[in-house]
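K.L.:
here's my sequence, what's the structure:
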Amino acid sequence: MEAQSVETRKIVYDDAIVRAFIAASVIFGVVALLVGVLIASQLVFWELNFGLSWLSFGRLRPLHTNAAIFAFVGNMMFAGIYYSTQRLVKARMASNFLSWFNFWGWQLVIVGAAITLPLGLTQSKEYAELIWPLDILVVVTWVVFAVNFFWTLAVRNERNLYVSLWFYIATIVTIPILYIVNNLQLPTSLLHSYPIYAGVQDALVQWWYGHNAVGFFLTTPILGIMYYFIPKAAGRPVYSYRLSVVHFWSLVFLYIWAGPHHLLYTALPDWAQTTGMVFSIILLAPSWGGMLNGLLTLRGAWDKLRTDPVLKFMVVSVTFYGMSTFEGPLLSIKSVNSLAHYTDWIIGHVHGGTLGWNGFMAAAMFYWLVPRLYKTKLWSVRWAEAHFWIGTMGMLFYVVAMWISGINQGLYWRALDTEGFLKYPDFVETLLSQRFLYHMRLLGGTAYLTGFLMMGVNLLLTAQAGQKVNGQATVKRLPRYTGPGFWELVRGAPAVLSALVVVAAILFGLADPTQSPILLGIGTVIVIAAILYGGAAKKGWHHLLEARPLAFTILTLFAILIGGLAELIPTVVIRKEVPIEPVVQTAGTDSLGAQAAEAVTAEATPESKWRQKPYSPLELEGRDIYVREGCYSCHSQMIRPFRHETLRYGDYSRAEEYIYDRPFQWGSKRTGPDLHRVGGKYPNLWHYLHMRDPRNTSEGSIMPSYKFMTDAVAKIDNLPAKMEALRRLGVPYDESDIRNSVQTARSQAALIVTDLASQDITLSADSELTALIAYLQRLGRGPQPTALEKVER
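P.N.:
As a prediction, the model looks like this:
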């Protein structure tokens, strides 16, 4: 037993850092929403791209997503964590310096993103677009935040960790693992790099990161905030301690496995796809457990909904969390995914979670916090009520429009006539059919922005009417801990039984694929049963664990690592080259394509049959331009094995075709057609006209004009450094390829320029458009001759 201590002292919480993060969140939230409204407008009125490279949709879309996730929600998350942690542990943050380093470091990352992304400086991986120097700053800032957080836990004046702190710990230890693993890059310059992974491996790692960034940046910390602020606002305790324990451990264990559901019917190994689907479906249970725990906390306080806008926002926020976590497992079912993937349905799903769950929880927290941080009343409850209704209607317009548009797209794409051929072969027909729905999305986004601006004004006037205050508390100093040690806790029944999950994972890897989902399900049941059986639901083993933050953190880390290691290691360590017969697209009409096809056919040696050849220097430069412009935002490069897709785009995509793709460009949305087999499908002239003004070749297209590429000069002098970096990563460039890369690029460019000149088109060999045409003509052609062979021929 612990001896009682009578020593007390007064502490003053650091609420200045909370006020700073709230201000940053509101400001950057406005920026994120403004950019979102702009790019939604561009999908209705393509002229709003203004013909400017830095205002094109492909560059602004990642700015919008990064601003929404890392600037708006990120700053809101830090504000909630700093405020609630100090009060839950009854201690001031351990270091003022580290707190403010966290603040200014994070804002520097955001400003860096706002500058670099419109300039086309990107890694072109969703939610991970930042260039490598900014990646380093992200990691450093996060480590500083983690040190400050765990240092504060070490000097706490409250023995046990409340449920909110569990979710904060899961976030803090998981995010750096995800971010570092996904962003391992080999720099070629201060502003450019290539990922160490390629093709299928890059895709799996990216969506392992992308899915879990949603899970551990947009979900777990916001759940921690929910568990703190809903009881505060409602004046009621959390509905169920038992449910919160099961919710936490099930969620952190299951979430990490579900990433591959973003890659169903792609070239990803089938076992990984099935794993992602099964765990995504199981994930519904803990997610809804958390939702119900939040809503049922309001039992006895539902009458406050009539007069308290804070509770209104919280109830709708948690409801949208429930909707999103139902929709996610639904979309992971293969038959549903085959219809919904690449469509606007996914856009509606993502925005329902971000605007509803994150955005409304942020609004609730701000409306509750700001009056207390400035010791005053909210300036206008009526404005807050108006914000709630305008924002809710805006979300409904947005999400419902995207649901309808997405289902419409999926049905259009797969529609076949009575003879089994495409009923709507022209892709633009789909765009024309959904114009009205895009207007509805724009209306909904504008309404949501209007409500958010009203909140910003309301909070500003509230702050001006009050004065800054810092919370205070009188606390007792904790006596020395005398409970069970780390190893005693680890030997507890829940920890021992949970270790059986590792055995289940091993069996999953060895079992027949038809049995694998069953074993995975059994493994999940073991985890939940272990927690309940071992007394976690009572004030037993888990109550003791809550008093040992180090043990709690290590077990949390173990829970999230199991899934990551089980999925990534088998895929990342497999051979990078897969034996295949060369697949050559010979239907092209341009001379360059014909020469390439003839070269492969004539020189198909036993070795070349098994090896996909790398990009030529000019194709590599063109690919980097494609990456820079964010073309993956609207075009996929992954043809799924469906009849309607192979009829529309060509032969389905295979894993071995991507072994030199760094980064992969499979995409997740088709506002335009898939491009994986576009090489040779159209002549060089078509690409020239299309890039300058897509309406020249595709009437009704909403793609922006890339006329600026005509006069922009390709940076082919950087090719030796790029090719050397790729050689270090395993791409089989030899020294002569690298040494002659600039001349080889110019020689290949001359072929394209000459072809265009024969049709009365003048284009410089040094133009970025020339390089991009070379890359587009390469896509889907299978093994190509080396750059030197092309020039010789």
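K.L.:
I'd say residue 315 and residue 298 touch.
P.N.:
Yes. Here residue 315 reaches residue 298: they are 7.0 Å apart, a contact under C-beta atoms under 8 Å. (Glycine included, C-beta is placed from N, CA and C.)
K.L.:
neighbour-wise, which of the two wins?
P.N.:
residue 298 (22 against 19; other C-beta atoms under 10 Å).
K.L.:
enumerate every residue touching the more buried one.
P.N.:
Contacts for residue 298 (C-beta atoms under 8 Å, 6 or more residues apart in numbering) come out as 230, 234, 236, 305, 311, 315.
K.L.:
mind doing that once more with 7 Å?
P.N.:
Going by C-beta atoms under 7 Å, 6 or more residues apart in numbering, residue 298 touches 234, 236.
K.L.:
for residue 57, same thing?
P.N.:
Residue 57 neighbours (C-beta under 7 Å, 6+ apart): 39, 42, 49, 633, 704.
K.L.:
repeat for residue 73
P.N.:
218, 358, 362.
K.L.:
make TSV out of those and add secondary structure.
P.N.:
Below are these laid out as TSV (DSSP: H, G, I helix; E, B strand; the rest coil):
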residue	secondary structure
218	coil
358	helix
362	helix
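K.L.:
what residues sit buried inside stretch 133-142?
P.N.:
Within stretch 133-142, the residues that count as buried by 16 or more other C-beta atoms under 10 Å are 134-135, 137-138, 141-142.
K.L.:
quick one on the thing from earlier: pull out the buried members of the contacts of residue 73.
P.N.:
Here, 16+ other C-beta under 10 Å leaves 218, 358, 362 buried among the contacts of residue 73.
K.L.:
isn't the last one right up against residue 76?
P.N.:
Yes. Contact between residue 362 and residue 76 holds when scored by C-beta atoms under 7 Å: they sit 4.3 Å apart.
K.L.:
common neighbours of those two, please.
P.N.:
residue 25.
K.L.:
state the mean pLDDT of the top helix by length along the chain.
P.N.:
Longest helix of the chain, by residue count under DSSP state H: helix 381-414. The pLDDT scores in helix 381-414 average 96.
K.L.:
next: stretch 677-697.
P.N.:
Rounded mean pLDDT across stretch 677-697 is 95.
K.L.:
can you dump the C-alpha atoms of it in PDB for me?
P.N.:
C-alpha atoms of stretch 677-697 as PDB (Å, rounded to 0.1, in the frame of the first residue of the first chain):
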ATOM      1  CA  ARG A 677      -1.200   1.700 -71.300                       C
ATOM      2  CA  VAL A 678      -1.400   5.100 -72.900                       C
ATOM      3  CA  GLY A 679       2.100   4.700 -74.500                       C
ATOM      4  CA  GLY A 680       1.700   4.400 -78.300                       C
ATOM      5  CA  LYS A 681      -2.100   4.800 -78.100                       C
ATOM      6  CA  TYR A 682      -1.900   8.300 -79.500                       C
ATOM      7  CA  PRO A 683       0.700  10.000 -81.700                       C
ATOM      8  CA  ASN A 684       3.100  12.700 -80.400                       C
ATOM      9  CA  LEU A 685       0.900  15.400 -82.000                       C
ATOM     10  CA  TRP A 686      -2.100  14.300 -79.900                       C
ATOM     11  CA  HIS A 687      -0.100  14.600 -76.700                       C
ATOM     12  CA  TYR A 688       1.200  18.000 -77.700                       C
ATOM     13  CA  LEU A 689      -2.300  19.400 -78.500                       C
ATOM     14  CA  HIS A 690      -3.800  17.700 -75.400                       C
ATOM     15  CA  MET A 691      -1.300  19.100 -72.900                       C
ATOM     16  CA  ARG A 692      -1.600  22.600 -74.300                       C
ATOM     17  CA  ASP A 693      -5.400  22.600 -74.200                       C
ATOM     18  CA  PRO A 694      -7.200  19.300 -73.400                       C
ATOM     19  CA  ARG A 695     -10.300  20.600 -75.100                       C
ATOM     20  CA  ASN A 696      -8.500  20.300 -78.400                       C
ATOM     21  CA  THR A 697      -8.600  16.500 -78.200                       C
END
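K.L.:
mind listing what's buried in that stretch?
P.N.:
So for stretch 677-697, counting by 16+ other C-beta under 10 Å, buried means 677-694, 697.
K.L.:
starting at the chain centroid, how far to it?
P.N.:
31 Å (C-alpha atoms, centre = their mean, to the nearest Å).
K.L.:
who touches that stretch?
P.N.:
585, 587-590, 593, 639, 649-651, 698, 701, 703, 705-707, 709-710, 752, 755-756, 759, 761, 763, 769, 772-773, 776-781.
K.L.:
could you flag which of these are buried?
P.N.:
Buried among the contacts of stretch 677-697 (16+ other C-beta under 10 Å): 585, 588, 590, 593, 639, 649-651, 698, 701, 703, 705-706, 709-710, 752, 755-756, 763, 769, 772-773, 776-781.
K.L.:
skipping its backbone neighbours, what lies nearest residue 710 in space?
P.N.:
Leaving aside its sequence neighbours, residue 710 sits nearest to residue 769 (C-beta to C-beta, 6 or more residues apart in numbering; 5.3 Å).
K.L.:
contacting residues around that neighbour?
P.N.:
So residue 769 contacts 688, 691, 709-710, 763 (C-beta under 7 Å, 6+ apart).
K.L.:
closest to residue 377 among those residues?
P.N.:
Nearest to residue 377 among the contacts of residue 769 is residue 709, at 55.8 Å by C-beta to C-beta.
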